[in-house]
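**Student:** What follows is a predicted structure for the sequence shown.
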Amino acid sequence: MTAFAAGTPCWADVMLPDPEAGKRFYGDLFGWTFSEGSAEHGGYTVAYRDGRAAAGLMPKRDGRMPTAWNLYFATPDAARTSTKILEAGGRIVSEAVPVGDLGTLLVAADPTGAVFSVWQAGGHRGFEVTGEPGAYVWMSLNTRDPKGADAFYGAVFGFEAVADSPASDERFSPWRPAGRTQEIGGRVLMDDRVPAEMPPHFTVCFLAAGMDDAVQTATRLGGRVVAEPVTTPGGPFAVLADNQGAAFGVLSPK
């Protein structure tokens, strides 16, 4: 059994050309410390916030792979989730495979091409800290097909769009798992303000103690601002990119 409810975000990691440079960037920005890279798992490194697992860093083994953050959704049965993905019109990027005794990994894409992972926990349950400064707090799917996204993720993970949420508007609708009241993320409309070449994708969001400090620190470390801070019901939100180009969200408390 997974420690996370089925369909909820349970882990995130970033694929980087230079993980050591990534450690310097995220260590300074979020106060993370890091495990030694695991040779058994291709140099995979776990980032910790105050001794609790917060995210992962992995080296790019192929230059054609994206420099990007990846989001994992929890499942008690990766094979069953694979079937649901195909039945809902998605595709399997990488079949479900055991990762040692840590768990089972499945990589998939929704019908518009947004890639995500599914994790059936073994020894690695997922996040050990969330909702605190320097830790995961939120996710959003950037899509050009909101209705299609609602249908797909509803069929696969049971997500329900929350039209009456204070955060809802013409471009954004939160999601929550069926039968639950807590919102776990949402989907954002990629309208004509978004370059046509930008593919649909998930944005992994972390909490920062202060937005100004986060922006200044990221730019000082060689990162950049992808989307300027805006006011949201949850607090100021911005999209930043690290010193190698991987984009991520930052949310600051009200």
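**Tutor:** In hand now; what should we look at?
**Student:** CA only for contacts and neighbour counts going forward, please
**Tutor:** Fine.
**Student:** The residue lying closest to residue 178 once chain neighbours are set aside - how many residues pack around it?
**Tutor:** Leaving out its chain neighbours, the residue that sits closest to residue 178 by C-alpha to C-alpha, 6 or more residues apart in numbering is residue 158, at 5.3 Å. Per other C-alpha atoms under 10 Å, the neighbour tally for residue 158 reads 19.
**Student:** For residue 158, give me its contacts.
**Tutor:** 7, 177, 178 (C-alpha atoms under 8 Å, 6 or more residues apart in numbering).
**Student:** In which helix or strand does residue 186 reside?
**Tutor:** strand 185-189 (DSSP states H and E).
**Student:** next structured bit after that strand?
**Tutor:** Moving toward the C-terminus from strand 185-189, the next helix or strand (DSSP H and E) is strand 201-207.
**Student:** Which parts of the stretch 101-250 of the chain are helices?
**Tutor:** 146-157, 211-220 (DSSP state H, counting those that start in this stretch).
**Student:** So what's the gap between stretch 160-177 and the chain middle?
**Tutor:** Between the centre of stretch 160-177 and the centre of its chain there are 18 Å (C-alpha atoms, centre = their mean, to the nearest Å).
**Student:** likewise stretch 145-161?
**Tutor:** Taking mean C-alpha positions (C-alpha atoms, centre = their mean), stretch 145-161 and its chain are 17 Å apart.
**Student:** Identify each buried residue in that stretch, please.
**Tutor:** Using 16 or more other C-alpha atoms under 10 Å as the test for burial, stretch 145-161 gives 145-146, 148-150, 152-154, 156-161.
**Student:** now, which of those residues sits nearest residue 186?
**Tutor:** The closest of the buried residues of stretch 145-161 to residue 186 turns out to be residue 161 (C-alpha to C-alpha; 7.7 Å).
**Student:** pretty sure the closest one contacts residue 174?
**Tutor:** Yes: counting by C-alpha atoms under 8 Å, residue 161 touches residue 174, with 5.8 Å between them.
**Student:** any common contacting residues for those two?
**Tutor:** residue 186.
**Student:** Same list, the helices of the stretch 101-250 of the chain, but as CSV with distance to residue 238 and mean pLDDT please.
**Tutor:** Rendered in CSV, the data for the helices of the stretch 101-250 of the chain read as follows (distance: least, C-alpha to C-alpha, whole Å; pLDDT from 0 to 100):
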stretch, distance to residue 238, mean pLDDT
helix 146-157, 21, 96
helix 211-220, 8, 98
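**Student:** tell me the contacts of residue 26?
**Tutor:** Residues in contact with residue 26 (C-alpha under 8 Å, 6+ apart) are residue 32.
**Student:** Renumber starting at 44 from here on
**Tutor:** All right, first residue 44 from here; so that's residue 69.
**Student:** mind checking how far it is from residue 243?
**Tutor:** To residue 243, residue 69 is 25 Å away according to C-alpha to C-alpha, to the nearest Å.
**Student:** One more: residue 70?
**Tutor:** Counting by C-alpha to C-alpha, the gap from residue 70 to residue 243 is 28 Å.
**Student:** Let me know which of the helices of the stretch 144-293 of the chain is the nearest to residue 101.
**Tutor:** Once these are compared by C-alpha to C-alpha, helix 254-263 is nearest, at 19.9 Å.
**Student:** and the closest one, how far out from the chain's middle?
**Tutor:** Helix 254-263 has its C-alpha centroid displaced from the chain centroid by 20 Å (C-alpha atoms, centre = their mean).
**Student:** which residues sit against that helix?
**Tutor:** 68, 71-72, 251, 267-268, 272, 279-280, 283-285, 293-295.
**Student:** One more pass at 10 Å, please.
**Tutor:** Contacts with helix 254-263, where a contact means C-alpha atoms under 10 Å, 6 or more residues apart in numbering, come from 68-69, 71-73, 250-251, 264, 266-268, 271-272, 278-286, 293-296.
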